[in-house]
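> Sequence first, predicted model second:
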Amino acid sequence: MLEAILILAGLAIIFGLLLGFAEIRFKVEGDPVVDRIDAILPQTQCGQCTYPGCRPYAEAIVKGEADINQCPPGGEVVIQHLADLLDVEPKPLNADNGEEKEQKTVVIIDEQICIGCTLCIQACPVDAILGAAKQMHTVISDECTGCDLCIPPCPVDCIYIVPLEPELTAWKWPLPAGEQA
Amino acid sequence: MNEYALILISTILVNNFVLVKFLGLCPFLGVSRKLETATGMALATTFVLTLASICSYLANEYLLNPFGLEYLRTITFILIIAAVVQLTEMIVHKTSPLLYQVLGIFLPLITTNCAVLGVALLNVQTGHGFIESALYGFGAALGFSLVLILFAAMRERIMVADVPEPFKGPSIALVTAGLMSLAFMGFAGLVKG
Amino acid sequence: MTNAVGRFHGGLHLEDHKACSMQSAIVAAPLPEQLIIPLLQHIGAPLEPLVKPGDHVFKGQLIADSDANLSAPVHAPSSGTISAIEERSIPHPSGRAEKCIVIETDGKDEWPGDRQTYKNYQSLSADQLRTIIRQAGIVGLGGAGFPSHIKLNPGQHQINTLILNGAECEPYISCDAMLMQERPRDIINGLKIIRQTVNARQCLIGIEDNKPAAIAALSNCLNDDEKQYIKIITVPTLYPSGGEKQLIKLLTNLEVPSRQHPVDVGVVCHNVGTAIAVADAVIEGIPLISRTMTITGGAVNKPANIQSLLGTPMRHLLTACGLDDHKLQRLIMGGPMMGFEISSMDTPVIKTTNCLLAMDKQETGEPQTALPCIRCGECAVVCPAQLLPQQLYWWAKARDFDKTQEYNLFDCIECGCCSYVCPSHIPLVHYYRFAKTAILEEERDRIKSDRARDRHDFRLLRLERKKQEDEERKRKKKELLKKVNDDKSDSKKSEIEAALERVKAKKQATRETEQSRDS
């Protein structure tokens, strides 16, 4: 009887010590999976996923608080990539978070109406609007992600959404006949 | 020398733990959707099986038998397996956090993989020595890995193939597993005796 | 009798259909009324126009150029007036309209006086030759349109072999064959100039064995000196022996590795038409303003090879060859395997137009619907790039683009052999083209999103920094204010103390005087 207890207890203690030591030796810093998810997200920083930016959304996915189908700018492509990365089933985009746009868009400021209030500059998550107080504001279209966060703050409604026409070199072959999108 | 080769061939092909003995089916079906995940799982299980097999043999030989504590065998083996799996988990988390994330619950579930406990108990039952136990565990792991990787590769291709609607998903996977099992039965008689 | 050194995997034996367009010599097309010059006729950056509407231009005058190295300028193919710079339909699979320079010809077709020629080109350096070639707007005339001066710059690589591609493996197309028959000396001159530019050791000209007249013409034209380093090699007629990597394998038995270029194995390959353009540019001072192309197909009554000015509307050329509108089912630019459909006959011909194929109903055949893949594997048997078309099809169909790249999607030359043999009539090349452009778009998106992430992170950093600076400033101000207050209160305190002292002293003094008075 005694030997049984001793042996089992002894084994348990040895393993406990071993595992404790291993825990320290194999400590993991940071969270690389969040980086991998963030690398897939489109970086529009629009907040449609209900998180304040793409990185917080990535962190929420890892924590299990968010699902993979909450990103409208990423659309199906991003959902598929996330599903592949995390080895889960892909699912359709959650309609509560918004719709995927038919075509990529950017915004443009009408200089005639702009009053130089800088509210849009403060709203832009990627600093794509150039300007200062009482100075002309303009959008750097190459850097604009199409998040549309600058539209609500503008007091004079001088910002318009325009579709982004793909260049000839960026033209894509269409799907072969009989294939659904 | 011959016996060692026989043990290996037997555990990898003839008496394959997954397709002939039908042990360890849980990770076999659960982790085989992508080839990279399956490979990671195969490596983890190989590590666990070999180490657990050796440790179980040693515990049984030097701790349980001398003191007549055969009745503690199962619980001791489970203790050993759980510790080894926990160690493996930590190593995987450190070396490949993505694999750790992707394997998810299946990594700690190696503890309950009947193949691991099965190997440990079968070693005792067949009265293997130290090297035989180690080889038995290693061979079982190789067989498991072989089948897991083959199955994952096939599942990847089946997923993009024209499968009829009622069969899509787990159904066709199980049918495939059954056909693989049939194929492996062809190895019976490869090893005389 | 072929003397090819190697062979390539797969390939198809296709019916020629070349004889009908080779019955007459190359003729020049009549001058059209309007010339439409697109600003992007090459692989690379689009050009900026150097003229504006209303300008008069001479034949061969430079009308658009770009600062980017990966580009080739365009010249006015004939004299006339610039009538507009506007969007016109261009020969592109998308059928889009892009910016073009439109010239109304004045019928005089006149050059601006003397042209700059370099008849003694042997004295020129390689860089100088490349500059002349770029200035002449020369691009690969075999179909891809890669600016030739870049291909002629091997950089660090040592070029062993210069290959001229006279294979012309695609059915119906015969312009290269006719050029080899009629202008062999120009080809050899061009070859020598190119050889000088890349400093190649030996030169090989690869010609399919269904062109005996071309082989004879070139062989007879070589003098003894040239025979020392120029060899004419006959290759078996097999599609696509004219593919760059396939031809290199045939002529040198060297395999160009996956995703690499011929220059990495010490080979440079040019089309015979490009060689002629180079000779014209250097020796005669003529920029690339015209090219020979085959006009053929069941819907033209007089198929022939025409030397046409660039920018000529296709309708003009087709009419010159007797187009029967009622018979025309489909108009293809290029050959039946790799060409694409042109929707409007007002589209102009450009530098890369090697053939106009006006197909009648018999040639188009019945439209086939794709049946399910039966996994027969015929596609893999014929693939000249040794790929697995069936696997590429399944992965492309499932939109698994990572897997398509694992199976070397970008090594596909889109020759069409796999689609041709597929018993289920699956349009395999469509899938690969779709996958390739989808991958390129994903790559572009990824670069853009990386930039957006950097900007967002910097913005957060900037806001954090601003907050910290503000707080720092506030803290410093508070300290300063406190210090000033302390100083003030200190001085106030000492004043008060001094005043108290004075009062005390006065009181003391008053008491002493009273005391002394009393006593």
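All right, it came through fine. Since this is a predicted model, take the numbers as computed values, not measurements.
> wait, does the longest helix seen in chain C contact chain A?
Ordering each helix of chain C by length in residues (DSSP state H) puts helix C:428-518 first. Yes. For helix C:428-518 and chain A, the contact criterion (Cβ under 8 Å from any Cβ of the partner chain) is met by C:430-431, C:433-434, C:436-438, C:441-442, C:444-445, C:448-453, C:455-456, C:458-459, C:462. Every residue, glycine included, has its C-beta placed from N, CA and C.
> list the helices and strands that helix packs on?
Applying 3 or more Cβ pairs under 8 Å, 6 or more residues apart in numbering or on different chains; DSSP states H and E, we find helix C:428-518 packed against helix C:389-397, helix C:401-406, helix C:417-421.
> change it to 10 Å
helix A:32-40, helix A:54-63, helix A:75-86, helix C:389-397, helix C:401-406, helix C:417-421 (3 or more Cβ pairs under 10 Å, 6 or more residues apart in numbering or on different chains; DSSP states H and E).
> Those helices into a markdown table, with extra columns for distance to residue C:203, mean pLDDT and mean neighbour count?
Listed next are the helices and strands packed on helix C:428-518 as a markdown table, based on distance: least, Cβ to Cβ, whole Å; pLDDT from 0 to 100; neighbours: other Cβ atoms under 10 Å in any protein chain shown:
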| stretch | distance to residue C:203 | mean pLDDT | mean neighbour count |
| --- | --- | --- | --- |
| helix A:32-40 | 49 | 85 | 19 |
| helix A:54-63 | 56 | 89 | 20 |
| helix A:75-86 | 48 | 84 | 18 |
| helix C:389-397 | 34 | 95 | 23 |
| helix C:401-406 | 36 | 92 | 17 |
| helix C:417-421 | 29 | 96 | 22 |
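> what's the neighbour count on the nearest residue to residue C:325 once chain neighbours are set aside?
Leaving aside its sequence neighbours, residue C:325 sits nearest to residue C:299 (Cβ to Cβ, 6 or more residues apart in numbering or on different chains; 8.0 Å). As a burial measure, residue C:299 scores 25 neighbours (other Cβ atoms under 10 Å in any protein chain shown).
> quick one, phi psi at residue C:299?
phi -90, psi 0 (degrees, to the nearest 10).
> swap in residue C:304?
The phi and psi values for residue C:304, taken as degrees, to the nearest 10, are phi -160, psi 170.
> so it sits right up against residue C:26, yeah?
Yes. Counting by Cβ atoms under 10 Å, residue C:304 does reach residue C:26; the two are 7.9 Å apart.
> Give the intersection of the neighbour lists for the two.
Residues touching both residue C:304 and residue C:26 (Cβ atoms under 10 Å, 6 or more residues apart in numbering or on different chains) are C:178, C:293-294.
> quick one, what contacts the residue nearest to residue C:325?
Contact partners of residue C:299, counting by Cβ under 10 Å, 6+ apart, are C:318, C:321-331, C:357-361, C:363-364.
> out of those residues, which are inside helices?
Using DSSP H, C:318, C:361, C:363-364 are the members of the contacts of residue C:299 that sit in helices.
> quick revisit: using CSV, lay out the helices and strands packed on helix C:428-518 together with distance to residue B:146.
Shown next, in CSV, are the helices and strands packed on helix C:428-518 (distance: least, Cβ to Cβ, whole Å):
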stretch, distance to residue B:146
helix A:32-40, 29
helix A:54-63, 33
helix A:75-86, 25
helix C:389-397, 22
helix C:401-406, 22
helix C:417-421, 33
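> Including distance to chain B, could those go into TSV?
Compiled in TSV, those are given as follows (distance: least, Cβ to the nearest Cβ, whole Å):
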stretch	distance to chain B
helix A:32-40	5
helix A:54-63	7
helix A:75-86	6
helix C:389-397	5
helix C:401-406	8
helix C:417-421	18
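> Run through the helices of chain B in chain order.
Assigned by DSSP H, chain B shows helices spanning B:2-9, B:25-30, B:35-59, B:73-95, B:97-103, B:114-125, B:130-159, B:170-185.
> Those: which one's closest to chain C?
Closest of the helices of chain B to chain C is helix B:130-159, at 7.2 Å (criterion: Cβ to the nearest Cβ).
> buried ones in the closest one?
By 16 or more other Cβ atoms under 10 Å in any protein chain shown, the buried positions in helix B:130-159 come out as B:132-152, B:154-156, B:158-159.
> Out of the residues you listed, which are close to chain C?
B:156, B:159 (Cβ under 10 Å from any Cβ of the partner chain).
> Just confirm yes or no for stretch C:358-370 near chain B.
No. Using Cβ under 10 Å from any Cβ, stretch C:358-370 stays clear of chain B, coming no nearer than 12.1 Å.
> Give me the buried positions along that stretch.
Across stretch C:358-370, burial judged by 16+ other Cβ under 10 Å covers C:358-360, C:363-364, C:370.
> One more: stretch A:157-168?
Within stretch A:157-168, the residues that count as buried by 16+ other Cβ under 10 Å are A:158-159.
> next one: it to chain centre, how far?
What separates the centre of stretch A:157-168 from the centre of its chain is 22 Å, taken as Cα atoms, centre = their mean, to the nearest Å.
> Please name every helix or strand in contact with the lowest-mean-pLDDT helix or strand in chain B.
When each helix and strand of chain B is scored by mean pLDDT, DSSP states H and E, helix B:97-103 comes last, with a mean of 82. Applying 3+ Cβ pairs under 10 Å, 6+ apart, one finds that helix B:97-103 contacts helix A:32-40, helix A:75-86, helix B:35-59, helix B:73-95.
> Now for residue A:74, how many residues are close by?
When neighbours are counted by other Cβ under 10 Å, residue A:74 registers 27.
> Which residue comes closest to it once chain neighbours are left out?
residue A:42 (4.7 Å).
> got a pLDDT number for that neighbour?
We have a pLDDT of 87 for residue A:42.
> Same check on residue A:169?
On pLDDT, residue A:169 comes in at 82.
> could you measure it against residue C:440, distance?
According to Cβ to Cβ, to the nearest Å, residue A:169 stands 9 Å off from residue C:440.
> So between the two, which is more surrounded?
residue C:440 (15 against 12).
> list the contacts for the residue in chain C positioned nearest to chain B?
Nearest residue of chain C to chain B: residue C:398, at 3.7 Å (Cβ to the nearest Cβ). For residue C:398, the contacting residues are A:80, B:156-157, B:159-161, C:404, by Cβ under 10 Å, 6+ apart.
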